[in-house]
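1. give me a model of this one.
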Amino acid sequence: MAGNSLLQACVFGSRAAAAVAAARATAARRADAGRDGDLTPPDLGNAPRAAADAVRADLRVAMSAGAGPIRSADGLDAADKALDGVDASLGDVSAATRDDLELHHAAAVARLLVRSARLRDESRGAHWRDDAPDRAARWDGVRLRVQVTAQAPRR
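-> This is a model prediction of the structure:
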């Protein structure tokens, strides 16, 4: 893992742990006050399904081929189109199992990664753009923030 990625994993992992601890403390105070404070996560199941495995494999292939360490605009476009197919294959989130939720989250992260990579048309760090092999000074110090908007559950 690259140095920046490792540092980001440590920093954001620590922040996530602090946020979870704060949320649990708040829920515990609510429970002590007589409000609903059930800290037990719902049982979302854990049974693997052939359809989910096939979609996960499609997602993995699309991201490896189009958004790996060596990238190009054409490859990122192909990954984006493949993600459209993955999104179309995903099931209903309202009746999701643990595997379904993980797959939905993986697809959302993949979409964010592809969007970010398409915005930055340069080679930087461990990510090489075949169509833009040099660093672009205009990106020095720039931090990207992209987000996926919430979608209504599919019916």
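
2. rest of the way, CA atoms for contacts and neighbours
-> OK.

3. ranges for the strands of this protein?
-> Secondary structure of the chain (DSSP state E): strands located at 70-71, 128-129.

4. could you identify which of these is most buried?
-> By mean neighbour count, with neighbours taken as mean count of other Cα atoms under 10 Å, strand 128-129 ranks first of the strands of the chain at a mean of 20.

5. give me the domain ranges for this structure.
-> Using automatic domain parsing, the domain parsing of the chain gives 1-40, 41-138.

6. turn those domains into CSV, including mean pLDDT and distance to Arg145.
-> Output for these, formatted as CSV (pLDDT from 0 to 100; distance: least, Cα to Cα, whole Å):
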stretch, mean pLDDT, distance to Arg145
domain 1-40, 68, 14
domain 41-138, 80, 8
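
7. could I get the strands of the chain as TSV with distance to Ala137?
-> Shown next, in TSV, are the strands of the chain (distance: least, Cα to Cα, whole Å):
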stretch	distance to Ala137
strand 70-71	19
strand 128-129	15
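
8. which one of those lies nearest to Val109?
-> Proximity to Val109 (Cα to Cα) singles out strand 70-71 among those, at 17.2 Å.

9. contacts for stretch 66-84, please.
-> With Cα atoms under 8 Å, 6 or more residues apart in numbering as the contact definition, stretch 66-84 has outside contacts at 58-59, 62-63, 65, 107, 110-111, 113-114, 117-118, 126-132.

10. again, only using 6 Å
-> Ala62, His127, Trp128, Arg129, Asp130, Asp131 (Cα atoms under 6 Å, 6 or more residues apart in numbering).

11. which ones are touching the first one?
-> Residues touching Ala62, when contacts are defined by Cα under 6 Å, 6+ apart, comprise Ala79.

12. Leu76 and Ala21: what is the separation?
-> Between Leu76 and Ala21 the computed distance is 37 Å (Cα to Cα, to the nearest Å).
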